[in-house]
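**Q** Build me a structure from this.
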Amino acid sequence: MARRIDWEAELQKSGLGDYLQELPPTEAGKTLHNYLEREYGDLEDLELEGEIYENGELQGRYDCLDERAGVIYEFKTKSSDGMESAPYQSDITQVREYLDGTSSEVGFLIYISREDLGTEEYPITRK
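**A** Model prediction:
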């Protein structure tokens with residue numbers, strides 16, 4: 001793997017800290033995705049909000065594919081209670097489906113605390 005993005009360090013610089021805490025979960029996720037698009041959307045080897053198709057039908061959208069490193073990143077914003085229960089089997093399954101739909105061999109499920117932007121990362125591989 002050529003590189004790994006330190007998402008916690010990147011998020012700490014974002015200024016999203018207090019803002020995400022105040023938002024409902026769905027809005028926090030949208031705000032995070034908007035931030036990623038704004039800050040990283042122009043990078044040549046990062047694909048944000050990529051789509052997975054099977055037999056011509058949309059199967060899902062991954063958050064970020066680092067094409068240079070061959071890594072998928074899937075982000076989830078959580079409260080402190082949600083962070084304690086991570087990782088969730090449904091999220092692991094989701095990342096594995098993205099791996100199956102791309103040439104990536106590894107994905108990282110990244111839970112982001114809405115309270116302090118701390119992260120917990122879980123590497124996910126194909127079954």
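
**Q** Beyond the lengthiest helix in the chain, next helix or strand please.
**A** Longest helix of the chain, by residue count under DSSP state H: helix 25-40. Once helix 25-40 ends, the next helix or strand along the chain (criterion: DSSP states H and E) is strand 46-54.

**Q** Show me what the host helix or strand of Glu120 is in contact with.
**A** Assigned by DSSP H and E, Glu120 belongs to strand 119-125. Contact with strand 119-125 is made by 7-8, 11, 83, 86-87, 92, 95-96, 99, 105-113, as judged by C-beta atoms under 8 Å, 6 or more residues apart in numbering. No exception for glycine: its C-beta is placed from N, CA and C like everyone else's.

**Q** Out of those residues, list just those in helices.
**A** Among these, the members falling in helices (DSSP H) are 7-8, 11, 83, 92, 95-96, 99.

**Q** can you redo the residues you listed as a markdown table with distance to Gly41 and pLDDT?
**A** What follows is the ones in helices among the contacts of strand 119-125, written out as a markdown table (distance: C-beta to C-beta, whole Å; pLDDT from 0 to 100):
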| residue | distance to Gly41 | pLDDT |
| --- | --- | --- |
| Trp7 | 16 | 87 |
| Glu8 | 20 | 87 |
| Leu11 | 16 | 87 |
| Met83 | 27 | 92 |
| Ile92 | 27 | 97 |
| Val95 | 21 | 96 |
| Arg96 | 26 | 95 |
| Leu99 | 23 | 94 |
